[in-house]
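Novice: Below: sequence and its predicted model.
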Amino acid sequence: MTLGPDETGEIRLDTPTEWTSTVVGHHRLRHDIAVIRLIGEHVPFSAGQSVEVQVPQHPGLRRRLSPALPPSLDGKLEFHVRTVPGGWCSGSIVADTRPGDQWSITAPAGWLSVDDWATDVVMIAGGTGLAPLRSLLLNLSHRPEPPRTHLFVGGRSPRDLYASDMLFLLAGELPWLTVVPVVESADDPGWADQWYESCRVDVGFDVNEMLEGTLADVVGDMGPLPDHQVLVCGSPAMTVATVDRLIQTGTPAEVIRYEGI
């Protein structure tokens, strides 16, 4: 018998605190990015939260990842994983994950969420910081009146926008969503990425539709956002720089929620 919180935060008996999920898909999108899909026990997290995962390649080691899908009763999970420089665990997840692998899921946590009262939302995603924001977007789509939402998604170059096709299609399906792609350089690196070449599609944003600069600069140039709820997720450095710039340009700190990954 175990103790755990229910949906109201109350502790009750017989609530599992660890869940098992099986890898059913491993899709390498870039040399350093993979999308992992799993199915298994229902994990009671909230859209926008992260969970701790333990993979068979590294028993005993847990890494915190953010699901890119809202919770589902049929136990579907999706994670976007990027190799962290010097991070042997993330590199192994990207390169070595195989269908049939059993993952252990624990410890849902985090405070990225969109309040019911919000009518205008700005989401700012750097790299795989997109994952929890995508989960929130799909969750918002079930509201009777979703808030007007601008998603700024950033990368080093156009090739770095690994979910460009998915976001392009999603923006076409959701009339309340505007996606703004942002790149630090309009030119891709001069070396070939075999994974990018193998999954290249003709759907996505044209380079002429992309704003050039860092996410912090592009969003900061918009001026203050006092009437918006603002969510920021990405690398710790990107998150700190973006939040600092937002506050410097007049956005109240109390409307900003952020998570470094």
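Specialist: Happy to help now that I have it.
Novice: Show me what the mean pLDDT comes to for the helix or strand where residue 170 lies.
Specialist: Using DSSP states H and E, residue 170 falls within helix 164-173. What helix 164-173 shows for mean pLDDT is 96.
Novice: Packing partners of it?
Specialist: Contacts defined by 3 or more CB pairs under 8 Å, 6 or more residues apart in numbering; DSSP states H and E place helix 164-173 against strand 177-183. In short, each C-beta sits where N, CA and C put it, glycine included.
Novice: Surely residue 258 is in contact with residue 236?
Specialist: No: counting by CB atoms under 8 Å, residue 258 does not reach residue 236; the two are 10.0 Å apart.
Novice: who has more neighbours, these two?
Specialist: Each of residue 258 and residue 236 has its neighbours counted (other CB atoms under 10 Å); residue 258 has more, 19 against 11.
Novice: tell me the secondary structure for that one?
Specialist: Here residue 258 is recorded as strand under DSSP: H, G, I helix; E, B strand; the rest coil.
Novice: ok, what's across the strand from it?
Specialist: residue 232 (DSSP bridges).
Novice: Now do the same contact list for it.
Specialist: Taking CB atoms under 8 Å, 6 or more residues apart in numbering, we find residue 258 in contact with 112, 231-233, 239, 242-243.
Novice: Show me what the helix or strand in which residue 25 is found packs onto, helices and strands only.
Specialist: For residue 25, the enclosing helix or strand under DSSP H and E is strand 18-30. Strand 18-30 is packed against strand 33-40, strand 102-109, helix 194-198, with contacts defined by 3+ CB pairs under 8 Å, 6+ apart.
Novice: Please identify the buried residues of the second one?
Specialist: If I follow you right, that is strand 102-109. Neighbour counts using 16 or more other CB atoms under 10 Å place 103-106, 108 of strand 102-109 among the buried residues.
Novice: C-terminal to that strand, which secondary structure element comes first?
Specialist: strand 120-126.
Novice: got the contact list for that following strand?
Specialist: Strand 120-126 has contacts (CB under 8 Å, 6+ apart) with 114, 133, 136-137, 147-155, 215, 219, 225, 227-235, 238-239, 242.
Novice: and stretch 79-94, how far apart are its ends?
Specialist: 11 Å (CA to CA, to the nearest Å).
Novice: Could you do stretch 190-202 as well?
Specialist: Start-to-end, stretch 190-202 (CA to CA) is 20 Å.
Novice: Just give me how far that stretch sits from the chain centre.
Specialist: 22 Å (CA atoms, centre = their mean, to the nearest Å).
Novice: what is the residue nearest to residue 171 when sequence neighbours are not counted paired to in the beta sheet?
Specialist: Distances taken as CB to CB, 6 or more residues apart in numbering put residue 179 closest to residue 171, at 4.4 Å, once the chain neighbours are dropped. On the basis of DSSP bridges, residue 179 is bridged to residue 151.
Novice: Is residue 179 in contact with residue 170, as I believe?
Specialist: Yes: counting by CB under 8 Å, residue 179 touches residue 170, with 7.3 Å between them.
Novice: and these two? which has more neighbours close in?
Specialist: Counted by other CB under 10 Å, residue 179 and residue 170 do not tie: residue 179 has more neighbours, with 23 against 17.
Novice: give the contact list for residue 105.
Specialist: Taking CB under 8 Å, 6+ apart, one finds 18-21, 40-41, 43, 51-53, 77 in contact with residue 105.
Novice: filter those to the buried ones?
Specialist: Among these, those classed as buried by 16+ other CB under 10 Å are 19, 21, 40, 43, 51, 53, 77.
Novice: contacting residues for the nearest residue to the first one once chain neighbours are set aside?
Specialist: Computed as CB to CB, 6+ apart, the closest residue to residue 19 that is not its neighbour in sequence is residue 41, at 4.1 Å. The contact partners of residue 41, taken as CB under 8 Å, 6+ apart, are 16, 19-21, 75, 105.
Novice: Please verify my assumption that residue 92 contacts residue 57.
Specialist: Yes: contact criterion CB under 8 Å: residue 92 and residue 57 qualify, at 4.8 Å.
Novice: Show me which parts of the host helix or strand of residue 92 are buried, residue by residue.
Specialist: Here residue 92 sits within helix 88-96, counting by DSSP H and E. By 16+ other CB under 10 Å, the buried positions in helix 88-96 come out as 89-94.
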